[in-house]
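Participant: here is my input; please provide its structure:
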Amino acid sequence: MVKKEVEGAIFKYIKDSSPRPVSTKEIAETLKIAWHTADRYCLKLQLQKKVGCFTIGKATAWYAAK
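Facilitator: Residues are numbered from 1 along each chain as shown. This is a model prediction of the structure:
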């Protein structure tokens, strides 16, 4: 996948999972990408205010922003 496809796929997955938040690990495993890649693109989406997150222990859960 190219950069825009990865970002779009991650955002679509998070949005489609709504209202249930998804972890970075779950995103990476489902889309078959590296955890670090999923994390970085989620952070970029958060800066664009498209997604939000919260932590549970050491895990980060992502949800679509309203």
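Participant: for the lowest-mean-pLDDT helix or strand in the chain, the distance to its chain's centre please.
Facilitator: Least confident helix or strand of the chain, by mean pLDDT, DSSP states H and E, is helix 3-17 with a mean of 94. On the basis of C-alpha atoms, centre = their mean, to the nearest Å, helix 3-17 sits 7 Å off its chain's mean C-alpha point.
Participant: how about stretch 21-33?
Facilitator: That offset, for stretch 21-33, works out to 7 Å (C-alpha atoms, centre = their mean).
Participant: buried residues of it, list them for me.
Facilitator: By neighbour count on 16 or more other C-beta atoms under 10 Å, the buried set for stretch 21-33 is 21, 22, 23, 24, 26, 27, 28, 31, 33. Every C-beta, even on glycine, is put in place using the N, C-alpha and C of the backbone.
Participant: same list (those) but as a markdown table, adding distance to residue 48.
Facilitator: Listed next are these as a markdown table, based on distance: C-beta to C-beta, whole Å:
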| residue | distance to residue 48 |
| --- | --- |
| 21 | 18 |
| 22 | 18 |
| 23 | 20 |
| 24 | 17 |
| 26 | 21 |
| 27 | 16 |
| 28 | 20 |
| 31 | 19 |
| 33 | 19 |
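Participant: mind listing which of those residues are in strands?
Facilitator: Counted as lying in strands by DSSP state E, out of those, are 22, 23.
Participant: which pLDDT value goes with the spatially most distant residue from the centre of the chain?
Facilitator: Taking C-alpha atoms, centre = their mean, the residue of the chain most remote from its mean C-alpha position is residue 57, at 17.4 Å. pLDDT for residue 57: 95.
Participant: over to residue 64?
Facilitator: Residue-level pLDDT assigned to residue 64 equals 97.
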